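Trainee: Sharing a model prediction with you, sequence too.
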Amino acid sequence: MKATKAPQLVVPPRKYDSLPGKFSWGIPATLASTRDADILPLGQLADDLRRLGIPSRIVRDAVSECSLRVLRDPAVKGDEAYRLEVTPSAVTVRASADAGAYYGLQTVRELLHAQGRALACCRIQDSPDFARRAQYYDCSRGKVPTLESLKEVIELLAHWKVNEIQLYVENVFVYQRHPAIGKGFSPFTAEDLLELQAFAALHHMRFVPSLASFGHMETILALPEYRPLSELENPEGKPGGTTLCPVDPGSIRLMGELYDEFLPLFTATDFNACGDEPWELGKGRSKRACERYGTGEVYSGFIRKLHRLAEKHGKRLNLWADIVLQHPECLTKLPKDMAMLNWDYYPQGYRIRRSHEITDAGYALVACPGSNSWQSHGTRMQIATDNVTIFAAEARRRNAEGILMTDWGDCGHRQPRGVSYRSFAHAAAQAWNGRAVDNAKFSRVFCRDLMQREVDGLAGALDLSGSLAMLDGSGYKLYHALVSPVSPKRADFSVPRISPVWNNNYKAIEQADGPGCRTLLEKAEALAFPLPGYRDTPAAKTFLSGLALAKEMDVVAARRVLLGKAYRAGESVTKEEWASLGDAAKRMNVHFERLWNQENRPSRLADNMRRLDSAAKECFDLARKA
């Protein structure tokens, strides 16, 4: 029998040799292992088989006659490596460690999703490009996910062989010594984080702590009791600003107290202290020190203090690398045992090309691309794809420690979580075996794996949805136009200044591209996403629900731009047009609130709903006046 060619998988294996023949599962399929650690991934495989109508049983034995067996084999070098063999009689996974066995079984699941009930015979040898394959998830710009939502993300990422997750925490943690910091933001408790860490460990994923420690401290510094620690009191209308004053002893004392409660919860040795974008540095209370010693020295001096605090807790400091590249002298002043997280979110970003400066200086490098879902309703998919591909190639060239895919939630975090899943998967694939990833076919392969079946038209609709944000000319304006006042005379749809929702672009309607919005409305008619079915996994339901809401938000925003531009130009807009848009906005708001409550804790939903409801009400007000 003729051997088959390698199937396309989300995470392509390093070496795939086709063998003649097909393997068919027994009825029931017998899944065998003697190791406790294998029971969880075998259970995942059993669930997948059940969706195909194949009953199975898991046995704690290395029986000779079984459908699939998992064996430990010291000849397989590397804790995350595995060998997989599919013959007409059985499937065998060999690994020297639990993680390798887990990843081998994830590949079996991918083969099942791709090929169905009969698997093509093959032999696979596999291991990753990078030791750190990480996902960064924003929990501080509006949405604080429920634990169940985060467990869904962890399990999905682990299926794509991601082995590290970080949650972006500015203030969403309950501190015993500083209880005001998380109040009103549905913060995580220590028990929450310990539960997530234990769940992640089951899936061979490190839970690495991340805590804003210098810049991006606005939600803390807005509180009266912490405002004296700010670099500038009220920059650009932000009470307390965004940046700790590095020359105030109280700043490092505060961080020490926060670290004392936060860091001991985590078993991972790495700790991301962030340190990025201290926008007011040198412009206020530290100005004299920066002029005397240099901004780079003042910055690195504060980071050295953070390093000592982290070291006290046995942590290796990780740091976003934007400021050390802006002030390269920092690379001669900081401890060499740090990891530098070089971030850049565009394909031709200048920091990507400067990665060698970090490795040349003797630091561990982690490449940090982005999902480009923030400040959009879907994603800027092509930008994200190119960004990850180019950055991963540079990381391989520079012998980087890993890849950390970032997913942010600027300005209220209104984008649905599911729209980012394709970018998560693509970054995971690039981190495991990037040279073998086919970007042109990736959406189809991703949709098939996530849905665990072929869904006609879904990949094309996903790609189209991911391009809509760019049709307004910038990729950001539609997000802001959704909640920007149509009438230039109308007051802004304000929210409390402490909210991460407040910094929206009120000129979005006039700046958005009108012809692009007309094109968007035409193209959006071609978007048809299937409704989630009762057999779909939670991740598939999240994905489909998110895509449907993203389309609805893009359409309402584009209609708002077009009517808003006509209104501002003095053109006639009928009562019916305004009322129709108001009705569409009200329906969208209901869907938005429902999905938020399904996936997230309640904090900051009210801020977003205040804007969304005001935008809908404005349409009805204009209808009455027309």
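Mentor: Received the coordinates, thanks. Numbering: from 1, shown residues only.
Trainee: Where does the residue nearest to residue 304 when sequence neighbours are not counted sit: helix, strand or coil?
Mentor: Leaving out its chain neighbours, the residue that sits closest to residue 304 by Cβ to Cβ, 6 or more residues apart in numbering is residue 334, at 6.7 Å. Every residue, glycine included, has its C-beta placed from N, CA and C. Under DSSP: H, G, I helix; E, B strand; the rest coil, the three-state class of residue 334 is coil.
Trainee: With residue 168 instead?
Mentor: With three-state DSSP as the basis, residue 168 sits in strand.
Trainee: distance of it from residue 158?
Mentor: According to Cβ to Cβ, to the nearest Å, residue 168 and residue 158 sit 20 Å apart.
Trainee: between the two, which one's more packed in?
Mentor: Using other Cβ atoms under 10 Å as the criterion, residue 168 and residue 158 rank with residue 158 on top: 25 against 21.
Trainee: ok, the most centrally placed residue in the chain - contacts?
Mentor: Centrality entry for the chain: nearest residue to the mean C-alpha point is residue 407, 3.3 Å, by Cα atoms, centre = their mean. The contact partners of residue 407, by Cβ atoms under 8 Å, 6 or more residues apart in numbering, come to 135, 136, 137, 138, 370, 371, 373, 374, 420, 423, 424.
Trainee: from the residues you listed, which ones fall inside helices?
Mentor: For these, membership in helices holds for 423, 424, with DSSP state H as the criterion.
Trainee: Out of the contacts of residue 407, which is nearest to residue 204?
Mentor: Comparing the contacts of residue 407 against residue 204 with Cβ to Cβ picks out residue 135 as the nearest, at 13.8 Å.
Trainee: Quick one, grab the pLDDT at the closest one.
Mentor: We have a pLDDT of 98 for residue 135.
Trainee: bridging residues for it?
Mentor: Residues in a beta bridge with residue 135, per DSSP bridges, are residue 165, residue 405.
Trainee: re the thing from before, what's around the residue nearest to residue 304, how many residues?
Mentor: 20.
Trainee: pretty sure residue 462 is in contact with residue 421, am I right?
Mentor: No. Contact between residue 462 and residue 421 fails when scored by Cβ atoms under 8 Å: they sit 9.8 Å apart.
Trainee: Might you list the low-confidence residue ranges for the protein?
Mentor: Applying pLDDT under 70 to the chain picks out residues 1-4, 491-492, 497-498, 501-506.
Trainee: repeat that with 50
Mentor: Low-confidence segments of the chain (pLDDT under 50): 1.
Trainee: and whichever helix in the chain runs longest, what does it pack onto?
Mentor: Ranked by residue count and defined by DSSP H, the top helix of the chain is helix 538-568. The helices and strands touching helix 538-568, judged by 3 or more Cβ pairs under 8 Å, 6 or more residues apart in numbering; DSSP states H and E, are helix 147-159, helix 421-433, helix 442-451, helix 458-468, helix 477-481, helix 508-511, helix 514-524, helix 575-599.
Trainee: So if we follow the domain assignment, how does the chain break up?
Mentor: Split into domains by automatic domain parsing, the chain comes to 15-126, 209-337, 459-625.
Trainee: In contact with residue 289, which residues?
Mentor: If you count contacts by Cβ under 8 Å, 6+ apart, then residue 289 has 246, 247, 298 around it.
Trainee: number of nearby residues for the residue nearest to the first one when sequence neighbours are not counted?
Mentor: With Cβ to Cβ, 6+ apart as the measure, residue 302 is the residue that lies nearest to residue 246, at 3.9 Å, once sequence neighbours are left out. The burial metric for residue 302, expressed as a neighbour count using other Cβ under 10 Å, is 23.
Trainee: same question, residue 336
Mentor: By other Cβ under 10 Å, 9 other residues sit near residue 336.
Trainee: pretty sure it is touching residue 363, no?
Mentor: Yes. Residue 336 is within contact range of residue 363, at 6.5 Å (criterion: Cβ under 8 Å).
Trainee: which residue sits closest to residue 307, ignoring its sequence neighbours?
Mentor: residue 317 (4.8 Å).
Trainee: Give the helix, strand or coil label for that neighbour.
Mentor: Classified using three-state DSSP, residue 317 is strand.
Trainee: May I have the residues that are in contact with it?
Mentor: Neighbouring residues of residue 317 by Cβ under 8 Å, 6+ apart: 271, 273, 303, 306, 307, 310, 311, 335, 337, 338, 339.
Trainee: which one of these is nearest residue 88?
Mentor: Distances from residue 88 to the contacts of residue 317, taken by Cβ to Cβ, are shortest for residue 339, at 46.8 Å.
Trainee: From what I see, the closest one and residue 320 are in contact.
Mentor: No. Contact status for residue 339 versus residue 320: not in contact, 10.6 Å apart, counting by Cβ under 8 Å.
Trainee: Name the residue in those two with the higher neighbour count.
Mentor: residue 320 (25 against 22).
Trainee: Which helix or strand contains the nearest residue to residue 438 once chain neighbours are set aside?
Mentor: Spatial nearest neighbour of residue 438, excluding adjacent residues (Cβ to Cβ, 6+ apart): residue 8 at 6.6 Å. Under the criterion DSSP states H and E, no helix or strand holds residue 8.
Trainee: Residue 8 against residue 443, yeah?
Mentor: No. In this structure, residue 8 is not within contact of residue 443 by Cβ under 8 Å, at 11.4 Å.
Trainee: Comparing those two, which residue is more hemmed in?
Mentor: More neighbours surround residue 443 than the other of residue 8 and residue 443, with 21 against 17 (other Cβ under 10 Å).
Trainee: quick one: that one and residue 545, what's the gap?
Mentor: Distance from residue 443 to residue 545, by Cβ to Cβ: 18 Å.
Trainee: what's the burial count for residue 22?
Mentor: Residue 22 has 16 nearby residues by other Cβ under 10 Å.
Trainee: Just read off the phi/psi values of it.
Mentor: Backbone torsions of residue 22, given as degrees, to the nearest 10, read phi -130, psi 150.
Trainee: Fine by me, thanks again.
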